[in-house]
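Asks: A predicted structure for the sequence below; I have some questions about it.
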Amino acid sequence: MTGQGRDDVHPPGRRRLRSAVRPDDAGDGVLLKTLIDVAEVELEGHEAFPSGRFTNWVRFVKVDLECEGVIERCGRRSPQRLRLTTEPY
């Protein structure tokens, strides 16, 4: 590892995905589907994603960010929504 931070461990776009969950969502959060759509637009044609499919990658990064305490789920109902936490772990 180069020591430049956790974003080096993941494919490019992890920071963009994290920034797509905004603190101004008034507690309602952002739809998981919206995050997948953002990844498809922002990372289209990237060499790390030759198939152009981002659903699993977004879900893996989402779980990683939840474990780090950066984002949290809003409620228990579908469709799944996410928001930034006030204080990461």
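Replies: Noted; the coordinates are in hand. Numbering: from 1, shown residues only.
Asks: mind listing the strands for this structure?
Replies: Under the criterion DSSP state E, the chain carries strands at the ranges 30-31, 71-73, 81-84.
Asks: remind me what the first one packs against, helices and strands.
Replies: So that's strand 30-31. Judged by 3 or more Cβ pairs under 8 Å, 6 or more residues apart in numbering; DSSP states H and E, strand 30-31 is in contact with strand 81-84. Where you see a C-beta, it was placed from the backbone N, CA and C, and this is true even at glycine.
Asks: paired strands for the strand it packs on, with orientation please.
Replies: Partners of strand 81-84 in the sheet, by DSSP bridges, are strand 30-31 (antiparallel), strand 71-73 (antiparallel).
Asks: just the strands of the chain: most buried one?
Replies: For those, the largest average neighbour count (mean count of other Cβ atoms under 10 Å) is found in strand 81-84, namely a mean of 20.
Asks: as a whole number, average confidence for it?
Replies: The average pLDDT for strand 81-84 rounds to 88.
Asks: helices and strands around the top helix by length along the chain, which ones?
Replies: Counting residues, the longest helix found in the chain (DSSP state H) is helix 55-68. On a contact count with 3+ Cβ pairs under 8 Å, 6+ apart, helix 55-68 meets helix 14-20, helix 32-42, strand 71-73.
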